[in-house]
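Trainee: Any chance you can model this:
(chains A and B)
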Protein chains: 2
Amino acid sequence: MLFRRFLFTPSKITNDILQIPTHELLQQLGYVKQASSGILHWLPLGLKTLRNVEGIIRRRMNESGAHEVSLSSLSQRSLWETTGRWSNTELFKLKDAKKKDYCLVPTCEEEITWLMKHYLTSHKDLPTIAYQITRKYRDELRPRGGLLRGREFLMKDAYSFHLNSDDAVSTFENMNATYDKIFSDIGVPFVSAVADSGDIGGDLSKEYHFIHESGEDTLYQCSSCKAVSNVEKCGSYPQESNQYLGDVSVKYALNQDNDTLVCLYYPANRQFSWNLALEALDNDIEPKTKEMTNEAVLSKFTEDYDPIFNGITRVMDVRLNSRSNFPDFPLKSYLKNNFAQLNDYSIVDAEEGEICASCEEGELESAKSIEVGHTFYLGKKYSQAMNATVRQQDNSDVVMEMGCYGIGVSRLVGAIAQVTRDEKGLKWPSSVSPYKVSLCANEKSLEQLEEVRTHLQLEPFTQFDAKATIGARIQQSHSLGIPIAIIVGPKSWPNVEMEVRADFKSNNWETDYKKLHTELKWEYNPESQKHFVHNTKVNDVANILLKDL
Amino acid sequence: MLFRRFLFTPSKITNDILQIPTHELLQQLGYVKQASSGILHWLPLGLKTLRNVEGIIRRRMNESGAHEVSLSSLSQRSLWETTGRWSNTELFKLKDAKKKDYCLVPTCEEEITWLMKHYLTSHKDLPTIAYQITRKYRDELRPRGGLLRGREFLMKDAYSFHLNSDDAVSTFENMNATYDKIFSDIGVPFVSAVADSGDIGGDLSKEYHFIHESGEDTLYQCSSCKAVSNVEKCGSYPQESNQYLGDVSVKYALNQDNDTLVCLYYPANRQFSWNLALEALDNDIEPKTKEMTNEAVLSKFTEDYDPIFNGITRVMDVRLNSRSNFPDFPLKSYLKNNFAQLNDYSIVDAEEGEICASCEEGELESAKSIEVGHTFYLGKKYSQAMNATVRQQDNSDVVMEMGCYGIGVSRLVGAIAQVTRDEKGLKWPSSVSPYKVSLCANEKSLEQLEEVRTHLQLEPFTQFDAKATIGARIQQSHSLGIPIAIIVGPKSWPNVEMEVRADFKSNNWETDYKKLHTELKWEYNPESQKHFVHNTKVNDVANILLKDL
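Mentor: Numbering: from 1, shown residues only, chains lettered A, B, ... in the order given. All right, here's what the predicted structure looks like:
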């Protein structure tokens, strides 16, 4: 079996590896195979990589005290109607033979709340965190980037249950600490960012990102306070206020009582931000009017109320100047007394070089990024709708507070591949690589190779094409992204050569090298960056190097 | 955390445990929770048990040289139309937003053949086995028995690809040897039986069963040759031939050329068997006519042919006598010369006490059983339909031969629970138990319990209700089915007591006991069947006992 060809590498990789999109590269190298748009089959190498990522996440989640469960992928319509999410157009929906409706779960807030209601009955049962690592489904019209945005994907989703919001926020923070450990274990540099909570709801949320030029997200980092925010949550000020003299755009909305017209003015050359506008207005906006056209808002306002007797609130972006080119005011008659004006708020997306609104000192630097994790403090959004209560000490019932915490596990594999790959192919950090080492030799060194194998406690990759030269084998090992290629040949025997493919995360190995190189018969050539080791010591040296890879 | 209540045990188990169906017991004990008919959520204890079963299967499959993959649960309609299986009414079907049809996979013959076609191109790539352990779906109208027959279930499905049928049969046999190892590892007595291949097709198949009175299947075992067969494949002879004098039933069919009427005569009080009839006729039956009524077969025969000039084959079950009460012959005119008669075949299902048709010596004994695994030699059924070929040495292309091999992993958990449980609750073999040992103590022995824990390399179950007495804890450990309860109390300290819950599979531990009991400070009381061990030796003794449990 030793030289059995690696079955799942169908095509020869061309020399132009950088031209191959990562998703295509993962297919050409035998990690995954696309079955249809957004739907993948996992091949042995990909599955090993996925399992490694899964293992890191599971270990840290268990350490945090979370209970692992595994919920069905099918969920009944009735639960989703309780929370108003059945209408989600990205749900895969199906009927069984009895015409009962189900969806394939995209996340499990409904199911887990239903489930945990049975077991969480007393305040003594809280806090509790349950998590699972299971397949999820999202019927995206335009799946893209392979693993990065599939229609079927593996997700770690955790849900926490609490007696009150203090406990919920404290678990939210603990879970963020767990996420920091998970992403540190993986070993790819990451940032965590204050984020908009999007459709899942709640007030507090954090995103985990890999900074990468191919990313679809934009993050801003402050040069002074170092806070990182997603563009949706990034408040900013211009270097100098009230300097904008160009055209002004306006967005109309109504307040929650529907009796005040809110006019939001901002520079026409900037992107309006509802998140920042809502912050400025303490969320006092009727949500439906956010989605309506200006004309529709105005006609609703003038139909329902006589504007003469009702309020008008104007919000001015801090960049605007009284001499900016404002649009005509839409109402013909109104009372000046009913006017309120909020000045110097920032209600547009930040731009590079502007001032950080948190510390009001540093400048914002932008970076493209790939989101790989997200934590939310949910509050009572789901527990209220599903009446998930516990009995308190005073015998009264209270609706539980909740948090939820996601990591796209398959997406993470795609993201790691994307941010670490180079012109030679993939380049896995050792934490997730399907094999930590490969064993490269040609047919003449078979006996020596078997000897090295007896000294190696790591399972090496060896399934090279029987006809491949030793050079081709090393190249294949490197393109597969295996951190270390162990090269066995007659020239150096009884020593073997170790070629490091992965990036070093630290140079701690050098301390060991200085201390142990005689004992381990280990020579390092700084010029060629190659390691030469006696074949009996290959396992020790590999382990020392792998800790830094 | 030590005395944190086990969250997922909602209800107190009544004393009448034997009255509780196993599926309900698994729910009451916090292993699973039914979400809707045939659809379950896995709770921590259940998930650990499931993973243990999965681990045993994965280890043996990898050892057999099979490649682990993980295919999507969504499969495109077009593939299923190629093989004619789209019309299966038990498929869960759904449409995506673009109105494209998918099913949730019940098995993956289509997908795996499509996938492997990309990688298996040369005869040198064969034989190859690929397997996966993934969720499968079957829209049963009447799901029952919880894990035993769910609509969503975890299945290990393996598929093998071969150059010719000799290789396929040889892998079929190797895979059966692997199955023997898997079921031996699990440790619940099993039988393997010659079986009908059912809907999946192919000529050669074997089933793996647990004998149990609650089972839905019937197996026959010969008292002499010991061969076990599923009723569909069990040939039998009566104790004395030609003794039946009662009413005779008949089934008409046509041969494959449609020019011969086949009349199958059998005792009216017995169950006709197509499998045995086909064997008697060397499969020379037009398949459609098997499903037709006698009237329809006759009218097809007399419409298409003049029976005077065509053949009539009569098959007589061995039990019939010329004085049995035969029905009228349906044709008025025929030529005696065109008549053929096959006597002394057995074409009805076996009955207990009849003679085994294989050895013609022993008597058949019947037993109810639960099917837990199935292996098939498929031939070219799928590979032909999907044109899955490889290039041979002589440069010609040949359609691959295939085999497929299934184990219902979640079903297996349910079956193990069912056949091992007793009046105290579940009783897992140590191979699959979610915890190998529990640690039972009350609050007064907390310090000693922590000391025992430091000596224990096994993770113990400890999540008892804080208020539970030590007796209640032992009872809960036993009802959860944990093989050994380790009891820490002031009376016996520094010794601890070990109560064995699981069944002993062998008494090998007694050899170790005799050899090591002084060294391990291990006392066994044969009357109470309790073990007393010094707390520092608890891990050694537990491991010795667990090997037999």
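Trainee: How much space separates the spatially most central residue of chain A from B:E451?
Mentor: When CA atoms, centre = their mean is applied to chain A, the residue found nearest the centroid is A:V372 (1.5 Å). Using CB to CB, to the nearest Å, A:V372 is found at 43 Å from B:E451. No exception for glycine: its C-beta is placed from N, CA and C like everyone else's.
Trainee: Farthest from the middle of chain A: give me that residue.
Mentor: Within chain A, A:S333 marks the point farthest from the mean C-alpha position, 50.3 Å out by CA atoms, centre = their mean.
Trainee: mind listing the helices in chain A by residue range?
Mentor: Here chain A has its helices, by DSSP state H, at A:22-28, A:44-63, A:77-82, A:109-117, A:165-186, A:274-280, A:287-291, A:294-304, A:381-385, A:409-420, A:446-455, A:470-480, A:508-516, A:538-547.
Trainee: right, so these: which one is the most enclosed?
Mentor: helix A:409-420 (a mean of 25; mean count of other CB atoms under 10 Å in any protein chain shown).
Trainee: and it, how far out from the chain's middle?
Mentor: Helix A:409-420 sits 10 Å away from the centroid of its parent chain (CA atoms, centre = their mean, to the nearest Å).
Trainee: Kindly report the same for stretch A:365-376.
Mentor: Worked out by CA atoms, centre = their mean, stretch A:365-376 lies 6 Å from the chain centre.
Trainee: Now it: buried residues?
Mentor: For stretch A:365-376, a neighbour-count test (16 or more other CB atoms under 10 Å in any protein chain shown) marks A:S366, A:A367, A:S369, A:I370, A:E371, A:V372, A:G373, A:H374, A:T375, A:F376 as buried.
Trainee: Report the beta-bridge partners for the fourth one.
Mentor: The reference is to A:I370. A:F210 (DSSP bridges).
Trainee: Quick check, it in contact with A:E207.
Mentor: No - taking contacts as CB atoms under 8 Å, A:I370 lies outside contact range of A:E207: 10.5 Å.
Trainee: I'd like the distance between A:L549 and A:N507.
Mentor: The gap separating A:L549 from A:N507 is 11 Å, by CB to CB.
Trainee: okay, these two: which has more neighbours?
Mentor: A:L549 (23 against 9; other CB atoms under 10 Å in any protein chain shown).
Trainee: distance of that one from A:K514?
Mentor: 19 Å.
Trainee: and if you look at A:S72?
Mentor: 55 Å.
Trainee: Check A:I416 too.
Mentor: 31 Å.
Trainee: do the same with A:M402
Mentor: 52 Å.
Trainee: swap in A:Y131?
Mentor: 43 Å.
Trainee: next one: A:L458
Mentor: 24 Å.
Trainee: How about A:Y102?
Mentor: Applying CB to CB to A:Y102 and A:K514 gives a distance of 62 Å.
Trainee: confidence score at the residue lying closest to A:E63 once chain neighbours are set aside?
Mentor: Nearest residue to A:E63 in three dimensions, chain neighbours excluded: A:T178, at 7.5 Å (CB to CB, 6 or more residues apart in numbering or on different chains). Here, the pLDDT recorded for A:T178 equals 98.
Trainee: Over to A:L74?
Mentor: Value listed for A:L74 in the pLDDT field: 97.
Trainee: now chain A, which segments are flagged as low pLDDT?
Mentor: Where chain A drops to pLDDT under 70, the residues are A:1-7, A:9-15, A:195-203, A:305-309.
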